[in-house]
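K.L.:
Just the structure for this:
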Amino acid sequence: MASTSCTFAARSLHQALPSYRTLDRAQRCDFTPGIATLSQATAPPVRTSPLSAPIAFSQLREASSSDQISSFGRQVNPKPFGFERQKPRHARQVVVAAANPFAQLLTRISGNTTEKREELKGELLDLISGLERGAEASAEEKAEVDKLASRLEAITPNPKSLSTPLISGKWKLLYTTSESILGTKRPKLLRPNGPIFQYIDAEALAAKNTETWPFFNQVTAKLTPESPSKVKVQFQYFKIFGLVSVKAPESARGFLDTTYVDDDLRISRGDKGNLFIL
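P.N.:
Numbers count the residues shown, from 1 in each chain. All right, here's what the predicted structure looks like:
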């Protein structure tokens with residue numbers, strides 16, 4: 001029966017070849033040896049073009065406009081159909097994070113250090129605000145000020161303080177343990193009552209301390225670097241009442257180590273162990 005069907009199919013094909021060519025693949029005769037049928041033959045799988053199926057446009061992006069254009073006006077792209085699959089946003093972020101774990105760690109540490117620095121600065125400034133530049137500080141308060149200053153010095157953003165331009169400028173004295181500056185051994189009326197300023201010119205290696213009301217005293221000094229943060233201080237002239245200038249003796253010298261400096265706070269320590277906060 002199968003042979004008769006195959007002979008009939010072959011004769012029909014010879015007589016009406018154009019009609020056969022118009023048949024669907026599934027309707028054509030399967031000439032597998034021993035089997036021939038005009039029933040629904042199994043068609044080989046047809047690869048489906050991505051353009052014939054729904055496209056998730058949220059996961060695809062068009063090819064770059066810089067791709068070459070063929071002679072037929074179509075974009076020539078190494079990716080089929082001018083699209084390439086794009087990783088979801090969260091996946092790209094995970095890859096970046098995994099590739100830069102140390103960068104993330106350093107950023108986190110830096111952020112924590114900055115927050116800690118600002119917190120300590122706030123505590124220190126609050127503590128010294130009512131101490132009359134240190135003249136009214138008790139022994140316990142002096143110890144607490146020194147402790148907070150030491151914690152700030154440990155996380156200074158500019159350990160090489162002489163190299164940063166932040167050190168130069170006009171600084172207002174906020175606190176010191178220097179009795180000679182505070183005049184604690186003098187009657188209160190004879191102490192400096194107005195602001196005390198220090199001018200530093202790191203480029204010219206010069207410094208000047210000025211008192212305001214009531215004496216307007218001044219002292220100028222020459223600076224000589226001894227380390228990335230320390231300078232030797234040689235006093236040159238004292239000016240009394242802003243009028244009379246007196247040359248300082250050779251013995252009028254010391255050193256100043258700037259252990260902390262940022263945009264608005266400076267901490268220095270002198271050769272006699274005195275602390276200066278400006």
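
K.L.:
which residues of the stretch 101-250 of the chain fall in helices?
P.N.:
101-128, 139-153, 179-182 (DSSP state H, counting those that start in this stretch).

K.L.:
Can you lay out the ones you listed as JSON lines showing distance to P165 and mean neighbour count?
P.N.:
For glycine as for every other residue, the C-beta is placed from the backbone atoms N, C-alpha and C. Listed next are these as JSON lines, based on distance: least, C-beta to C-beta, whole Å; neighbours: other C-beta atoms under 10 Å:
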{"stretch": "helix 101-128", "distance to P165": "19", "mean neighbour count": "13"}
{"stretch": "helix 139-153", "distance to P165": "20", "mean neighbour count": "15"}
{"stretch": "helix 179-182", "distance to P165": "26", "mean neighbour count": "16"}
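
K.L.:
Among those, which one carries the weakest average confidence?
P.N.:
For these, the weakest mean pLDDT is recorded on helix 101-128, namely a mean of 80.

K.L.:
export the lengthiest strand in the chain as PDB, just CAs?
P.N.:
Longest strand in the chain by number of residues (criterion: DSSP state E): strand 230-240. The C-alpha trace of strand 230-240 is given here as PDB (Å, rounded to 0.1, in the frame of the first residue of the first chain):
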ATOM      1  CA  LYS A 230      57.400  71.900  63.200                       C
ATOM      2  CA  VAL A 231      59.200  75.200  62.900                       C
ATOM      3  CA  LYS A 232      61.900  76.900  64.900                       C
ATOM      4  CA  VAL A 233      60.700  80.300  66.100                       C
ATOM      5  CA  GLN A 234      63.100  83.200  66.500                       C
ATOM      6  CA  PHE A 235      61.500  86.300  67.900                       C
ATOM      7  CA  GLN A 236      62.700  89.500  66.300                       C
ATOM      8  CA  TYR A 237      60.900  92.600  67.500                       C
ATOM      9  CA  PHE A 238      58.400  93.400  70.300                       C
ATOM     10  CA  LYS A 239      56.100  96.400  69.900                       C
ATOM     11  CA  ILE A 240      54.500  97.900  73.000                       C
END
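
K.L.:
Show me what counts as buried in that strand.
P.N.:
K230, V231, K232, V233, F235, F238, K239 (16 or more other C-beta atoms under 10 Å).

K.L.:
From the contact counts, what lies against that strand?
P.N.:
strand 218-225, strand 244-247, strand 253-261 (3 or more C-beta pairs under 8 Å, 6 or more residues apart in numbering; DSSP states H and E).

K.L.:
and the angle for the longest one with strand 218-225?
P.N.:
Taking axes from the mean of the first three to the mean of the last three C-alpha atoms, to 10 degrees, one finds that strand 253-261 is oriented at 80 degrees with respect to strand 218-225.
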